[in-house]
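J.: sequence unavailable; structure follows:
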């Protein structure tokens, strides 16, 4: 069941590169966003890869390449999602789940739930993530 809305984080894509591939195009994206997550001020950083699937949709993963920085420490996260190009330049939208694999005390209760996300990046590299607890 979709639970409480935990927060909205915003910031920027800070780097992109195309990865070697023999099948479908793959890109690597690094970002930094910040805001309140479950009432705690956090900065979230990560690097995810995504690929274009045969139907034109996107699949992406952040395989243990993400951190949350909170006033009381650093947490680690992993994620996966599906998405699409928005049709505006390089804009994309993804939907998926984030899992905190390690968390500071202020976010420790989030290690036992999936964080469902909406991730949107516009043509100017502005990134916004909205998060809910899936209980």
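T.: Yep, it's here. Because the structure is predicted, anything quoted here is derived from the model rather than measured. Numbers count the residues shown, from 1 in each chain.
J.: other residues contacting the helix or strand hosting residue 47?
T.: Per DSSP states H and E: residue 47 is located in strand 40-52. Outside strand 40-52, the residues that touch it by Cβ atoms under 8 Å, 6 or more residues apart in numbering are 9, 19, 21, 24-37, 58-62, 65-71, 77, 79, 83, 92, 94, 106-107, 129. Where you see a C-beta, it was placed from the backbone N, CA and C, and this is true even at glycine.
J.: what's the next secondary structure element after that strand?
T.: Heading C-terminal from strand 40-52 (DSSP H and E), you reach strand 58-70.
J.: starting at the chain centroid, how far to that following strand?
T.: Centre-to-centre, strand 58-70 and its host chain are 6 Å apart (Cα atoms, centre = their mean, to the nearest Å).
J.: can you tell me the strand partners of the helix or strand following that strand and which way each runs?
T.: Next in sequence after strand 58-70, counting helices and strands by DSSP H and E, comes strand 73-85. Next to strand 73-85 in the sheet, as set by DSSP bridges, lie strand 58-70 (antiparallel), strand 92-102 (antiparallel).
J.: lovely, talk soon.
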